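J.: sequence and predicted structure are below.
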Amino acid sequence: MPTTAISLTPTPKRVQYDAIIVGARCAGASTALLLARAGLKVLVIERRPYGSDTLSTHALMRPAVLQLSRWSLLAPLLEAGTPLIETTTFHYGDEEIAIPLDSGPDLPGLIAPRRTVLDRVLVDAARKSGAEFLHDMAVADLFADTSGRVRGVEIRGAGAASLRVSADIVIGADGIGSLVAKCCDAQVLRAGSVSAAHVYSYAPVESGAGYHWYFRDGIAGSLIPTNDGLACIVASVPTRLFDQHFRADHARARMEVLEALSPAVAVQAGRAAEDARLQAFRGVPGYIRQAYGPGWALVGDAGFFRDPITAHGISDALRDAEGLARAVLDGSEAAFAAWQRGRDVFANQILDATDAVASFDWTLADIGERHRRLSAVMKAEVQALAGEEMPSHTLPAARRRPAARRAPANDTSPPVAAGSITQRNRMRMRP
Ligand SMILES: Cc1cc2nc3c(=O)[nH]c(=O)nc-3n(C[C@H](O)[C@H](O)[C@H](O)COP(=O)(O)OP(=O)(O)OC[C@H]3O[C@@H](n4cnc5c(N)ncnc54)[C@H](O)[C@@H]3O)c2cc1C
């Protein structure tokens, strides 16, 4: 009997999108959600499986919770069993400073959803709004037209032939090692010089626990209550200390740091299940990259990275997703320039405040002041976010110039002479 080969590899439904986003975690899925809600045709490509975990703890700060609340996603996160956190306690040596959360209707408490929960909720909401997702597929390259404007991506799935898909803008939400940043030769606007290592695992915690941040000379740690009755318990040290003392035995070195920080948190960490997996991040110095160019933009860690010690990466990703969505919907060069300027106002302050903690050059007498500086930046962030309208097509149709409709990006002729961006970079041509 004759057989017909059926392809089980998912493929994009269109050949041309308003926006293609590389990476479907907090930055990519949020940007997709906001653009799809505003009516754009969006394709998101993610090389990891739907609902998978990633190397990240997940304490959300006030700006992130406010964003999720504005996007109506707090309810699904709480329904997924994410506990509300109502106090934050700073442990400076033996001193404890407990700070109750100043809650309000948009901010009933802080939350620290597992990335398997947060990223999935964002993807589900974006999909519901019409965004298309291809998981388990990787973007292998970008292509450009003869003027150097990015025109789309080349996708590769497991065992599948590569496929070109076009878009008016390609957004790199592809994290620290961003392929989009590399292909587009995104300039580093600022490079940090310090980094810290973070080693964490999960252990049971009593309900109602708050965030705990621990500091003692040269070491730090945290306890972050999350889903499934567990807390993420983290030991943080300068990267050079990690290289000297952690390499041989991560688990023992982590326990020694936790015991030095607080015997109570070490006992808590000791309650972990025998098969609880230990995760280690050696550290990467912070950076701020150029945020956009012709036909491309970067969001989340792809554009701005700060050490995890201040737990601000997800807040940054959500804030910048909203700013970028506004720029894409406006479509003008001025809107992208304004978005990058606004991003950098916060990015520079957050990088300053984060490096001041990740440097580990503080004493127990002055670390509190460094935290107060970060808190002041977050207060300003919350105020700025609360004053913003949700991204939408607010301009009259005649004045509206979303990226999707701008020449040359909207030129519907196929990218005949398009060259690979990596090839273009090798030829040292500028975008
Ligand atoms: C150890 C650690 C602890 C942290 N703790 C916190 C914390 O407590 N609170 C907080 O707010 N932040 C924390 N952060 C920071 C936070 O994890 C990041 O800021 C956040 O994940 C950035 O999200 P993103 O979507 O930009 O990138 P990512 O989460 O890195 O996602 C990028 C995605 O792009 C995909 N991708 C990459 N290249 C391709 C390609 N070519 N094709 C297809 N897909 C691709 C990847 O598979 C990945 O899923 C921590 C980070 C680390 C490392």
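T.: Looks like it arrived, so ask away. Numbering: from 1, shown residues only.

J.: for the closest residue to Ile85 other than its chain neighbours, what are its contacts?
T.: For Ile85, ignoring the flanking residues on the chain, the nearest one in space by Cβ to Cβ, 6 or more residues apart in numbering is Leu110 at 4.3 Å. For the C-beta atoms, the positions are set from N, CA and C on the backbone; glycine is no exception. Each residue near Leu110 by Cβ atoms under 8 Å, 6 or more residues apart in numbering is listed here: Ala59, Leu60, Met61, Arg62, Val65, Leu84, Ile85, Glu86, Thr88, Leu101, Tyr211.

J.: go again using 7 Å as the cut-off
T.: Leu110 makes contacts with Leu60, Val65, Ile85, Leu101, Tyr211, as judged by Cβ atoms under 7 Å, 6 or more residues apart in numbering.

J.: next: Val139.
T.: Val22, Ile45, Val153, Glu154, Ile155, Leu179.

J.: if we go to 8 Å?
T.: Val22, Ile45, Arg47, Val153, Glu154, Ile155, Arg156, Asp174, Leu179, Val180.

J.: pLDDT weak spots in the stretch 1-150 of the chain?
T.: Along the stretch 1-150 of the chain, segments meeting pLDDT under 70 span 1-9.

J.: can you map out the strands along it?
T.: 16-22, 42-46, 87-92, 95-100, 132-135, 137-144, 150-157 (DSSP state E, counting those that start in this stretch).

J.: only alpha carbons, please: show the first one as CSV.
T.: So the one you mean is strand 16-22. Extracted as CSV, the C-alpha positions of strand 16-22 are listed here (Å, rounded to 0.1, in the frame of the first residue of the first chain):
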residue,chain,number,x,y,z
GLN,A,16,5.7,37.0,6.7
TYR,A,17,5.0,38.3,10.3
ASP,A,18,4.9,41.7,11.8
ALA,A,19,7.4,40.6,14.4
ILE,A,20,9.5,37.5,15.0
ILE,A,21,10.8,37.0,18.5
VAL,A,22,13.7,34.7,19.3
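
J.: what parts of the stretch 1-150 of the chain come near the ligand?
T.: Neighbours of the ligand within the stretch 1-150 of the chain, by Cβ under 6 Å from any ligand atom: 22-23, 25-28, 45-48, 54-59, 138-139.

J.: hang on, the earlier thing: which pair in the contacts of Val139 spans the largest distance?
T.: Arg156 and Val180 (15.1 Å; Cβ to Cβ).

J.: out of these two, which sits in the more crowded spot?
T.: Neighbour tally, Arg156 and Val180, criterion other Cβ atoms under 10 Å: the higher count belongs to Val180, 27 against 17.

J.: in helices, which of the residues of the stretch 1-150 of the chain next to the ligand fall?
T.: Using DSSP state H, the members of those that fall in helices are Cys26, Ala27, Gly28.

J.: by contact count, what packs against the strand or helix carrying Val345?
T.: Using DSSP states H and E, Val345 sits in helix 333-358. Packing contacts for helix 333-358, counted by 3 or more Cβ pairs under 8 Å, 6 or more residues apart in numbering; DSSP states H and E, involve strand 188-191, strand 287-289, strand 292-293, strand 304-305, helix 313-330, helix 367-386.
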